[in-house]
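S.K.: Show me the folded form of this:
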Amino acid sequence: MESRHGNYRKDHKRLARRSACHAKAVTLHDAHIDLLTGIYNFVDANQAFRQCINPHAQRFEVKYKPYSPAMLEGFTDHCLTLEELLMRRVPG
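M.R.: Okay, here's the model as predicted:
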């Protein structure tokens, strides 16, 4: 959990310490946190989750299939692009 907070502070200037930026509206702040969470879970492939698909791969051959946290939970079958994430319908 602490590493996730560190990543949020790194990626989100409003959460950075000693920053001149600040969230003037709570709704905008929450929306940006939701966007960062979506990118972390659906777009960014995590090296800890990758699966070996070709153990005898030579140099410049694909050895691992990238996995995101959403793929592990079964929400998607591939890492989404940012456009796919933004076009995705949010359940009500």
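S.K.: list the helices and strands the helix ranked longest in the chain packs on?
M.R.: Ranked by number of residues, the top helix in the chain under DSSP state H is helix 26-38. On a contact count with 3 or more CB pairs under 8 Å, 6 or more residues apart in numbering; DSSP states H and E, helix 26-38 meets helix 2-11. C-beta coordinates here come from the backbone N, C-alpha and C atoms, glycine included.
S.K.: Now do the strands in the chain.
M.R.: 46-52, 64-67 (DSSP state E).
S.K.: If we go by neighbour counts, what in the longest helix of the chain is buried?
M.R.: Of the residues in helix 26-38, His32, Leu36, Gly38 count as buried by neighbour count, 16 or more other CB atoms under 10 Å.
S.K.: how about TSV for the residues you listed, with distance to Leu72 added?
M.R.: Shown next, in TSV, are the buried residues of helix 26-38 (distance: CB to CB, whole Å):
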residue	distance to Leu72
His32	25
Leu36	19
Gly38	16
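S.K.: Make a markdown table from the strands of the chain and add mean pLDDT to it.
M.R.: As requested, the strands of the chain are exported to a markdown table (pLDDT from 0 to 100):
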| stretch | mean pLDDT |
| --- | --- |
| strand 46-52 | 85 |
| strand 64-67 | 88 |
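S.K.: Need the winner for burial among those.
M.R.: strand 64-67 (a mean of 16; mean count of other CB atoms under 10 Å).
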